[in-house]
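Visitor: Turn this into a model:
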Amino acid sequence: MSLEQQLIERLQQLTPSHLEVVNESSGHGGYFPGKESHFKAVIVSEAFAGLRLVQRHQKVYAAAGDLLGPGHIHALAIHAFLPEEWQGQAAPSPECAHAPKAE
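Guide: Sure thing, here's the model as predicted:
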């Protein structure tokens with residue numbers, strides 16, 4: 001099972017009303033077809049009620065568990081919202097300084 005699919009399954013424990021996981025590995029240095037190292041997760045869940053941003057991120061890290069670390073997911077951009085905060089807004093990721101350069 002791919003890392004992306006494993007991450008999706010792990011994040012389901014937060015009972016999201018919206019979950020989007022995007023493999024952004026191709027925009028980072030050292031990319032090769034099939035590489036899974038950089039992801040973005042947009043998560044909308046009541047599980048974040050009463051939590052500050054850092055606590056929301058900690059909750060997501062806990063759900064991802066051992067998928068984060070050497071040989072697995074190198075970077076995870078987290079966009080965590082409560083349902084009343086979510087308006088379907090775009091959640092862009094920053095450019096990577098080591099991204100392959102367009103020719």
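
Visitor: C-alpha from now on. contacts and neighbour counts both.
Guide: Noted.

Visitor: May I see the buried residues of the host helix or strand of Ala63?
Guide: If you go by DSSP states H and E, Ala63 is part of helix 53-64. For helix 53-64, burial by neighbour count (16 or more other Cα atoms under 10 Å) applies to 56-57, 59-61, 63-64.

Visitor: just checking, what packs against that helix?
Guide: Helices and strands touching helix 53-64, by 3 or more Cα pairs under 8 Å, 6 or more residues apart in numbering; DSSP states H and E, are helix 3-11, strand 75-81.

Visitor: looking at those, which is buried most?
Guide: Per residue and on average, the most neighbours among the helices and strands packed on helix 53-64 fall to strand 75-81, with a mean of 19 (mean count of other Cα atoms under 10 Å).

Visitor: For that one, what is the distance to the chain centroid?
Guide: Centroid separation for strand 75-81 versus its chain: 5 Å, with Cα atoms, centre = their mean, to the nearest Å.

Visitor: give the contact list for the residue lying closest to Leu11 once chain neighbours are set aside.
Guide: Nearest residue to Leu11, sequence neighbours excluded (Cα to Cα, 6 or more residues apart in numbering): Ala63, at 5.9 Å. Ala63 makes contacts with 10-11, 13-14, as judged by Cα atoms under 8 Å, 6 or more residues apart in numbering.
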